[in-house]
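[1] 3D, please:
(one chain, ligands or ions: 2)
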Amino acid sequence: MSSPRTIGLLVGREESFPTAFIEEVARRGVPGVSAELCRLEGTRLDDPRRYAVLIDRISHEVPYYRSYLKYAALVGTVVINNPFWWSADEKFFGTALLARLGVATPRTVVLPNKSYIEDISPASLRNLAYPLPWERLAEYVGFPAILKPNTGGGFKSVYKVHSLEELWRCYDETGQQTMILQEYIAYDHYVRCICIGRREVLPIRWDPRLPWTERYIVDHDHLSPELGARVVRDARLINEALGYDMNTVELAIRGGVPYAIDFTNPAPDFERARIREPYFAWVVEKMADLAIAYATGADHPPGRMRWDRLLAEAGPEG
Ligand SMILES: Nc1ncnc2c1ncn2[C@@H]1O[C@H](COP(=O)(O)OP(=O)(O)OP(=O)(O)O)[C@@H](O)[C@H]1O
Ligand SMILES: [Mg+2]
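    Residues are numbered from 1 along each chain as shown. Ligands and ions are numbered 1, 2, ... in the order given. As a prediction, the model looks like this:
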């Protein structure tokens, strides 16, 4: 039975992280604090708060969970990650924000969709230049370039293109997705940072060209002290700016400069077989630290919503 200090987990198929996390919270023995899989069965407007903290690993694929999590946040549950921001988040906006915060970013353009739902006719698109000034857009980004979705993940619909003709051919396959066109960073080193609580950063050597089970490489000495410090500083800044408490940040390093490639992974891969030990143990420890600190009120999540003040004014009946 959940108590005011219970930590709930919403999970997909993954096994290793939820089990290890629940055991770790139990092992800590903090009075009243325990963790369990959350069970949902439809949500009413007057449902009480059931959890102090909810860790969301799957609401991007189960939309009802996202709705529930917004409701849970309204009634005072700390949700990792903030479901409102996760719903709004896009790669193009994030890249534009980071560029202004001094993080190195690839030149990026967001494009209108290739196609639309049936009801959209040319008259619906009168604000849109046609044809697009492809030459100018491509010139800004340069070739080779990456064409990839503005939202989403899993390496789906990620193209590397070398010419306008190839760009058009790939763009023609993208249907109703909003795509970004991005400067290709010819990296000599690639780092995937697991980031917890906006402060804890674990920069792992990662090779996206290898099969999934081999991509994370256990190597404790792959960054110079200067580059390591910059990677950690950038990753902290990115998570502070986006408010993510659980994330992975991918940086491609070219000429000693880390470029932010993919920094919106709010349900990062925590599978032991892929991220491997000792990284898996680090994740479980840091996630337990964070969730327990939120559950006990020792720490507070970032960001307040506009309605928080109005709710406080409306009082307990509001
Ligand atoms: N601008 C770029 N320069 C060089 N390589 C890139 C660039 N953008 C993407 N890539 C490569 O393509 C891969 C997939 O791109 P990205 O991570 O942005 O997509 P994703 O589908 O969100 O991936 P994930 O499954 O990690 O969420 C990256 O890991 C990187 O190897
Ligand atoms: Mg990625």
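[2] Around ligand 1, pick out the residues from the stretch 1-150 of the chain.
    Contact residues (CB under 6 Å from any ligand atom) of the stretch 1-150 of the chain with ligand 1: 106, 146, 148. For the C-beta atoms, the positions are set from N, CA and C on the backbone; glycine is no exception.
[3] Counting by contacts, list what the helix or strand containing the second one packs against.
    Remark: residue 146 resides in strand 145-149, with elements defined by DSSP states H and E. Taking 3 or more CB pairs under 8 Å, 6 or more residues apart in numbering; DSSP states H and E as contact, the helices and strands that strand 145-149 lies on are strand 159-161, helix 164-171, strand 179-183.
[4] again, only using 6 Å
    Counting contacts by 3 or more CB pairs under 6 Å, 6 or more residues apart in numbering; DSSP states H and E, strand 145-149 is packed against strand 159-161, strand 179-183.
[5] Need the winner for burial among these.
    Per-residue neighbour counts averaged over each of the helices and strands packed on strand 145-149 give the maximum for strand 179-183, namely a mean of 22 (mean count of other CB atoms under 10 Å).
[6] any residue of it up close to ligand 1?
    Yes. Applying CB under 6 Å from any ligand atom, one finds that strand 179-183 is in contact with ligand 1 at 182, 183.
[7] What ranges in the stretch 51-200 of the chain fall below the confidence cut-off?
    Counting by pLDDT under 70, the stretch 51-200 of the chain shows no low-confidence range.
[8] Quick check, the residue in it closest to ligand 1?
    Across the stretch 51-200 of the chain, the shortest distance to ligand 1 (CB to the nearest ligand atom) belongs to residue 153, at 2.7 Å.
[9] domain ranges for this protein?
    Dividing the chain into domains by automatic domain parsing, as the record does, gives the ranges 7-83+295-314, 107-183, 186-265.
[10] hang on, residue 140 in a helix?
    Yes. Note on residue 140: a helix contains this position according to DSSP: H, G, I helix; E, B strand; the rest coil.
[11] For residue 2, report the pLDDT, please.
    At residue 2, the predicted lDDT confidence score is 60.
[12] just to revisit the earlier point, can you list the neighbours in contact with the strand holding residue 146?
    Counting by CB atoms under 6 Å, 6 or more residues apart in numbering, strand 145-149 makes contact with 157, 158, 159, 160, 161, 170, 177, 179, 181, 182, 184, all of which sit outside it.
[13] For the fourth one, list the residues it contacts.
    The contact partners of residue 160, by CB under 6 Å, 6+ apart, come to 144, 146.
[14] thinking again about what came up before, which helix or which strand is home to the residue of the stretch 51-200 of the chain closest to ligand 1?
    Taking DSSP H and E as the criterion, residue 153 maps to no regular element, lying outside all helices and strands.
[15] Pull up the gap between the residue nearest to it when sequence neighbours are not counted and ligand 1, please.
    Residue nearest to residue 153 in three dimensions, not counting chain neighbours: residue 265, with 6.3 Å by CB to CB, 6 or more residues apart in numbering. When CB to the nearest ligand atom, to the nearest Å is applied, the distance between residue 265 and ligand 1 equals 5 Å.
[16] Test my guess that residue 265 contacts residue 249.
    No. In this structure, residue 265 sits apart from residue 249 without contact. The criterion is CB atoms under 6 Å, and the distance is 7.8 Å.
[17] and the end-to-end length of stretch 266-273?
    20 Å (CA to CA, to the nearest Å).
[18] Equivalent analysis for stretch 216-228, please.
    Between the opening and closing residues of stretch 216-228 we find a distance of 17 Å, counting by CA to CA.
[19] Show me which positions of it end up buried.
    Within stretch 216-228, the residues that qualify as buried by neighbour count (16 or more other CB atoms under 10 Å) are 216, 223, 227.
[20] Name the surrounding residues that touch that stretch.
    Counting contacts by CB under 6 Å, 6+ apart, the residues outside stretch 216-228 that touch it are 204, 205, 206, 275, 276.
[21] between those residues, which is nearest ligand 1?
    Comparing every one of the contacts of stretch 216-228 with ligand 1 (CB to the nearest ligand atom), the shortest separation belongs to residue 206, at 8.0 Å.
[22] Could you check how many residues crowd around that closest one?
    The criterion is other CB atoms under 10 Å. On that basis, residue 206 has 20 neighbouring residues.
[23] and it, bridged to which residues?
    According to DSSP bridges, the residues that bridge with residue 206 are residue 216.
[24] Stretch 274-289 vs ligand 1: in contact?
    No. With CB under 6 Å from any ligand atom as the measure, stretch 274-289 is seen stopping short of ligand 1, the closest distance being 11.6 Å.
[25] Give the rounded mean pLDDT of that stretch.
    Taken as a whole, stretch 274-289 has an average pLDDT of 97.
[26] now it, how far from the centre of its chain.
    For stretch 274-289, the separation from the chain centroid amounts to 17 Å (computed by CA atoms, centre = their mean, to the nearest Å).
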